[in-house]
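1. Let's see this in three dimensions:
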Amino acid sequence: MISRRSLLVTGGAGVGLALAWAVWPRDYAVDLAPTAGETQFGAWLKIAESGQITVAVPQAEHGQGVWTVLPQILADELGADWRTIGVEAALPSPLYANPLAADALFGTGGVPEAVRREHWVRSALVLTGGSTSVRSFEQPLREAGAAARVLLCRAAAARWGIEWEACETRDGFVVAGNRRLRFGELAAAAARETLPDDLPLRIGDAGRLTGQPLPRLDAPAKVDGSANFAADVRLPDMVFASICQGPAGGESRLVRVDRAAADRVSGVVAVVENARWVAAAANNWWAANRAIAALAPRFETRGALADDAAIARALDAALAGEGRRLAAIGDVSDVLQGDVVRADYAIGVGVHAAIETPTATAWWHADRLELWVPTQAPTAARAAAARAIGVGESAVTIHPMLIGGSFGQALEHDAIAQAAMLAVTLKRPVQLTWSRREAIMHDRFGAPAKARMAARMASDGRILEWQARIATPATGAALAARLAPGDPLLRADALLPARADGYAMSGALPPYRLPALSVDHHVADLPIPVGHLRGQANRANAFFTECFLDELAHRAGAEPMSYRIGMLGHDARLARCLTTAASLGGWDGGRPGSGQGLACHAMAGSSIAILAEAQFDGAGRPRVDRIVAAVDAGRVINSDVVRQQIEGGIVLGLALATGAGPGFAGGIARARRIGDLALPRLADTPEITVELLPSDAEPGGISDLGVPAVAPAIANALTAATGNRLRTLPFGAS
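-> As a prediction, this is how the structure comes out:
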């Protein structure tokens, strides 16, 4: 039961419900203001006289299914017919702030949690990331759905002259015995009703929508081509722009362009120079991009340029320096003595390689800026655009669009600020799209890392001490500086004693019960910018932990699964995932020549175990034949969406493990096209099985979950196949 007072305090029903209709996906209005035949009560849903229902979703849809799962939560509590549900992108507002995502991405931890959460809400920090959508918004959506249900029941009961508790909702109707009324018939009257002191939630009731594999709301429009992305926006007198920035790393200044050559390209209408970039605008994007090539821009760069060798040196230098303690249990010596196993692991630069490159459409008119953008951080994007053109944020309107992939790249707003500047300069609508070359070279990369692992073992194979020293940049601090520059909370956090970066060290603490351990973060200063990549830093830290643990199991002469289970007595969920994956995959103990490997990981309130079967092909390249995943994601809202996300995460994990990184020399990326990244094709993708384990736990995050355990499972499988241990990702760099 939810009390009426708690709703008022937390901004649930106290800010009202909106009962009205808007069609999705063709109507991209970002407010819930009523039109004819609509009744508005607030921020989360609308019901029209026709019975059609719209749910406001404050999280960006970039393929993860959030525009289906969040409405499903509300529809479940409301008792709606799924066929009547539509979606609108919500306006940036404190109502839609996501403090859990801020904590996950920024890695802040010095300021008390209650203060952080309240601050991010008051700051209206709207973010999508860190596998937080359901964890952040299930409760307010359930409260909104339950409150609307009660209001509708009260309106129906008043018509029938009965107690409202005798009414229930089902399939878009309020019913009481043989009587029933459509939601649409009651919406206006329901708006005038009041909520009781206690609001009953129906979460967990049998026969409701939770857990069902309901069809995705965004799928039909994406299949028939009617879904609108930022590149689909068309405005009167609009031009298309391409851009060229300086080398990666350092600080570049544009020194020379060949304007005459660009002017000879048919369709070009303008060239805009900036201290750090040059852009060409034309009546089509292909002409604009050809003009960029004709301009042959030259840059002067100060500071360290991105370079693979320089990155490796910086990681080694960080390991040689003093670390910041993330966690310590028991008495761990700085220098382990006795029967000590040591190993170094490394993971390379991760690139997003989303289908949609950074894109933004900007229109400066009537002293106001309108932006149509794919963004996971609309409030940060709005602030960045306002700073770029020197106006207040109130003069900037953001229209959040569907995102073509992202994997975290849409948290950044460089292209948005550039499009705003171009629109003001050219005084006409501009659609800026980065080329694939720019998207790769000026990505905010998944951070590389190097780990120095050590463990002291007993004669019976038990781990007595565990030591992990991990060199990697402070990615959380970098994200905070870009997404919330000058934020007073972050300034206060920076004044506290130096500590490990929460984002960079996510997943570094082993899930196993060990008598003594220490985990240290050695902050590395790299010549490349780093940011959020799907899987977070867990993709590196799980690789370090799970591969090293496998080495220790072999050193102890133990079967790797049983070795893990013996240290997971406190974590039944993760242990059950391990045994399930092993059973479904036909685990034979990881014997030499088997080509089977196991790995497990827990993050964002969810657990996963993966069994991989892999070997080297005739050309010496790793080939993965089969992957079996067992997942405990808590109470599942939509089973199909969970499977899709785990499968997608597995494929991305495979790409990061077996593909190629961007590769840098002198500030220039060797990879220029998608094909240069050696991403897995359909023919390279293994057979994937995903088993969802029933669970009564609260829903956990799933978007990142599929990534971290893939690489270590494959590495352990390749060790079983050949006897050789690969300790560097991607495997081609070993």
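2. start to end distance for stretch 663-674?
-> Taking C-alpha to C-alpha, to the nearest Å as the measure, stretch 663-674 stretches 13 Å from start to finish.
3. Show me what counts as buried in it.
-> For stretch 663-674, a neighbour-count test (16 or more other C-beta atoms under 10 Å) marks 663-664, 667-669, 671-672 as buried. To be clear about C-beta, it is placed using only N, CA and C from the backbone, and glycine gets the same treatment.
4. Could you tell me which of those are located in strands?
-> 664, 668-669 (DSSP state E).
5. before we move on, back to that, can I get the buried residues of stretch 663-674 in CSV with distance to A612 and pLDDT?
-> Output for those, formatted as CSV (distance: C-beta to C-beta, whole Å; pLDDT from 0 to 100):
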residue, distance to A612, pLDDT
G663, 26, 95
F664, 30, 95
G667, 36, 94
I668, 35, 94
A669, 29, 95
A671, 26, 95
R672, 31, 94
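6. Strands along the stretch 601-734 of the chain, start to end?
-> 606-616, 622-632, 664-665, 668-669, 687-692, 728-729 (DSSP state E, counting those that start in this stretch).
7. what's the second one packed up against?
-> Strand 622-632 is packed against helix 572-585, strand 606-616, helix 639-658, strand 687-692, helix 710-722, with contacts defined by 3 or more C-beta pairs under 8 Å, 6 or more residues apart in numbering; DSSP states H and E.
8. hang on, isn't L199 packed against A144?
-> No: contact criterion C-beta atoms under 8 Å: L199 and A144 do not qualify, at 10.4 Å.
9. Settle it for me: which of the two has more neighbours?
-> Neighbour comparison, L199 and A144: the larger count goes to A144, with 29 against 21 (by other C-beta atoms under 10 Å).
10. In which helix or strand does that one reside?
-> helix 133-160 (DSSP states H and E).
11. Show me what secondary structure element comes after that helix.
-> Helix 133-160 is succeeded, C-terminally, by strand 168-170 (DSSP H and E).
12. before we move on, what SS does A381 have?
-> helix (DSSP: H, G, I helix; E, B strand; the rest coil).
13. quick one: contacts for it?
-> Contacts for A381 (C-beta atoms under 8 Å, 6 or more residues apart in numbering) come out as 371, 373, 375, 398, 413, 416.
14. burial of the spatially closest residue to L78 that is not a sequence neighbour, as a residue count?
-> For L78, ignoring the flanking residues on the chain, the nearest one in space by C-beta to C-beta, 6 or more residues apart in numbering is G145 at 4.0 Å. By other C-beta under 10 Å, 28 other residues sit near G145.
15. Test my guess that G145 contacts P71.
-> No: assessed by C-beta under 8 Å, G145 is found out of contact with P71, at 9.6 Å.
16. separation between P400 and Q52?
-> Using C-beta to C-beta, to the nearest Å, one obtains 22 Å as the distance from P400 to Q52.
17. Tabulate the buried residues of stretch 663-674 in TSV, adding columns for distance to R462.
-> Converted to TSV, the buried residues of stretch 663-674 look like this (distance: C-beta to C-beta, whole Å):
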residue	distance to R462
G663	42
F664	43
G667	49
I668	50
A669	46
A671	45
R672	50
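18. Return the member of those nearest to G225.
-> When these are compared for distance to G225 (C-beta to C-beta), R672 wins out at 28.6 Å.
19. how about JSON lines for the helices and strands packed on strand 622-632, with distance to A384, mean neighbour count and mean pLDDT added?
-> As requested, the helices and strands packed on strand 622-632 are exported to JSON lines (distance: least, C-beta to C-beta, whole Å; neighbours: other C-beta atoms under 10 Å; pLDDT from 0 to 100):
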{"stretch": "helix 572-585", "distance to A384": "40", "mean neighbour count": "21", "mean pLDDT": "98"}
{"stretch": "strand 606-616", "distance to A384": "32", "mean neighbour count": "27", "mean pLDDT": "97"}
{"stretch": "helix 639-658", "distance to A384": "27", "mean neighbour count": "23", "mean pLDDT": "97"}
{"stretch": "strand 687-692", "distance to A384": "38", "mean neighbour count": "17", "mean pLDDT": "98"}
{"stretch": "helix 710-722", "distance to A384": "33", "mean neighbour count": "27", "mean pLDDT": "97"}
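20. mind putting these in CSV, distance to G390 included?
-> Converted to CSV, the helices and strands packed on strand 622-632 look like this (distance: least, C-beta to C-beta, whole Å):
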stretch, distance to G390
helix 572-585, 52
strand 606-616, 44
helix 639-658, 39
strand 687-692, 50
helix 710-722, 45
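21. Out of the ones you listed, the one nearest V269 is which?
-> For V269, the closest of the helices and strands packed on strand 622-632 is helix 639-658, at 38.4 Å, according to C-beta to C-beta.
22. Which strands or helices does the closest one pack on?
-> Applying 3+ C-beta pairs under 8 Å, 6+ apart, one finds that helix 639-658 makes contact with strand 622-632, strand 687-692, helix 710-722.
23. picking up where we left off before, so which of the helices and strands packed on strand 622-632 gets nearest A158?
-> A158 sits nearest to helix 639-658 of all the helices and strands packed on strand 622-632, at 38.2 Å, using C-beta to C-beta.
24. now the closest one, how far from the chain's geometric center?
-> In terms of C-alpha atoms, centre = their mean, to the nearest Å, the centre of helix 639-658 is set 13 Å apart from its chain centre.
25. between that helix and helix 133-160, how many degrees?
-> Angle, helix 639-658 to helix 133-160, by axes from the mean of the first three to the mean of the last three C-alpha atoms, to 10 degrees: 170 degrees.
26. Tell me the spacing between the residue nearest to L78 and Y96.
-> G145 is 16 Å from Y96, where distance means C-beta to C-beta.
27. what's the answer for G648, then?
-> Note on G648: its distance to Y96, by C-beta to C-beta, is 25 Å.
28. Repeat that for G109.
-> 24 Å.
29. Show me which of these two is the more surrounded one.
-> Taking other C-beta under 10 Å, G109 and Y96 do not tie; Y96 has more neighbours (26 against 16).
30. just checking, the more buried one touches A90?
-> Yes: if you go by C-beta under 8 Å, Y96 and A90 touch, sitting 5.0 Å apart.
31. Overlap of the contact sets of these two?
-> By C-beta under 8 Å, 6+ apart, Y96 and A90 have these common neighbours: 43, 56, 58.
32. quick one: which of those sit in strands?
-> A56.
33. all helices of the stretch 401-550 of the chain, in order?
-> Here the stretch 401-550 of the chain has its helices, by DSSP state H, counting those that start in this stretch, at 414-426, 436-441, 475-483, 488-494, 538-555.
34. Confirm R116 sits in a helix?
-> Yes: assessed by three-state DSSP, R116 belongs to a helix.
35. Surely it is in contact with P488?
-> No: with contact defined as C-beta under 8 Å, R116 does not count as touching P488 (11.9 Å).
36. hey, C-alpha coordinates of stretch 89-108 in PDB?
-> Written as PDB, here are the backbone C-alpha positions of stretch 89-108 (Å, rounded to 0.1, in the frame of the first residue of the first chain):
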ATOM      1  CA  ALA A  89       9.200  11.500 -24.900                       C
ATOM      2  CA  ALA A  90       9.000  13.500 -21.700                       C
ATOM      3  CA  LEU A  91      10.200  17.000 -21.300                       C
ATOM      4  CA  PRO A  92      13.300  17.500 -19.100                       C
ATOM      5  CA  SER A  93      11.900  18.100 -15.600                       C
ATOM      6  CA  PRO A  94      12.800  17.300 -12.000                       C
ATOM      7  CA  LEU A  95       9.900  14.800 -12.200                       C
ATOM      8  CA  TYR A  96      12.000  12.800 -14.600                       C
ATOM      9  CA  ALA A  97      15.400  13.200 -13.000                       C
ATOM     10  CA  ASN A  98      17.400  10.000 -12.700                       C
ATOM     11  CA  PRO A  99      19.800  10.300  -9.700                       C
ATOM     12  CA  LEU A 100      20.600   6.600  -9.800                       C
ATOM     13  CA  ALA A 101      22.100   7.000 -13.300                       C
ATOM     14  CA  ALA A 102      24.100  10.000 -12.000                       C
ATOM     15  CA  ASP A 103      25.500   7.800  -9.300                       C
ATOM     16  CA  ALA A 104      26.300   5.000 -11.700                       C
ATOM     17  CA  LEU A 105      27.900   7.200 -14.400                       C
ATOM     18  CA  PHE A 106      29.700   9.800 -12.300                       C
ATOM     19  CA  GLY A 107      31.100   7.500  -9.700                       C
ATOM     20  CA  THR A 108      30.500  10.000  -6.900                       C
END
